[in-house]
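Trainee: below is the sequence, then the predicted model.
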Amino acid sequence: MLMNTEQRYGALNIGLHWLTLLLMIAVYALIEFRDIFPKGDPGRDLMKQWHFMLGLLIFALVWVRLFLRAISPTPRIVPELPPMLSLLAKLAPIALYCFIILTPLFGWLLLSAGGKPIPFFGMTLPALVAPDPELKKWFKEIHETLGNIGYALIALHAAATLYHHHVRKDNTLTMMLPQQRD
């Protein structure tokens with residue numbers, strides 16, 4: 001099944017969810033390990049370029065994910081959640097989507113304000129703002145802060161999933177795993 005049903009997520013949503021996770025791991029690894037190369041080294045520049053491109057790919061994919069979310073049902077959690085957990089289950093995706101929209105957007109703004117090209121797999125995307133050193137500092141601070149918040153959001157998301165699976169013993173995790181073939 002390609003699309004969501006009331007019982008579980010469809011293959012398209014499952015694939016995009018796990019692809020987003022893999023891309024986020026790569027984006028974080030590229031920026032965290034860029035220091036293995038000295039500043040000005042082509043290896044460091046290549047890692048930063050891939051960080052930019054994969055971040056922008058996440059930005060593009062999030063719009064596909066939001067579209068799919070709008071046109072297909074969200075599967076029900078069984079057993080049903082108590083009201084407070086139900087509220088958190090509705091707020092958590094909003095926080096995650098804000099994070100995966102705003103972080104790459106501020107990365108794009110940072111490159112733009114720095115007068116740098118915005119690489120995207122052989123293309124150069126347009127600058128969103130004119131070069132401005134003061135704006136660049138501000139965008140860099142916001143982008144890095146969002147990146148740090150991302151670590152916490154990802155950890156909370158993973159912890160909540162484990163809580164649902166091992167403590168509540170509901171179907172939250174199994175709905176997002178690929179369906180087993182009999």
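Mentor: Perfect, thanks for sending it.
Trainee: so who does residue 62 touch?
Mentor: For residue 62, the contacting residues are 20, 97, 100-101, taking Cβ atoms under 8 Å, 6 or more residues apart in numbering as the criterion. In this view, the C-beta of every residue, glycine as well, is placed from N, C-alpha and C.
Trainee: if you set the cut-off to 7 Å instead, what comes out?
Mentor: For residue 62, the contact set (Cβ atoms under 7 Å, 6 or more residues apart in numbering) comprises 97, 100-101.
Trainee: now residue 118, what are its backbone angles?
Mentor: Listed backbone geometry of residue 118 is phi -110, psi 90, with angles given as degrees, to the nearest 10.
Trainee: about what we covered before: the contacts of residue 62, buried ones only, as a ChimeraX selection?
Mentor: Only the buried members of those enter the following ChimeraX selection, criterion being 16 or more other Cβ atoms under 10 Å:
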select :100
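Trainee: what residues does residue 143 make contact with?
Mentor: Counting by Cβ under 7 Å, 6+ apart, the residues that residue 143 touches are 103, 106-107, 110.
Trainee: which SSE is it in?
Mentor: Residue 143 is part of helix 133-162, with elements assigned from DSSP states H and E.
Trainee: what angle do the helix or strand containing residue 25 and helix 133-162 make?
Mentor: Here residue 25 is covered by helix 11-32, with elements defined by DSSP H and E. Following axes from the mean of the first three to the mean of the last three Cα atoms, to 10 degrees, one obtains 130 degrees for the angle between helix 11-32 and helix 133-162.
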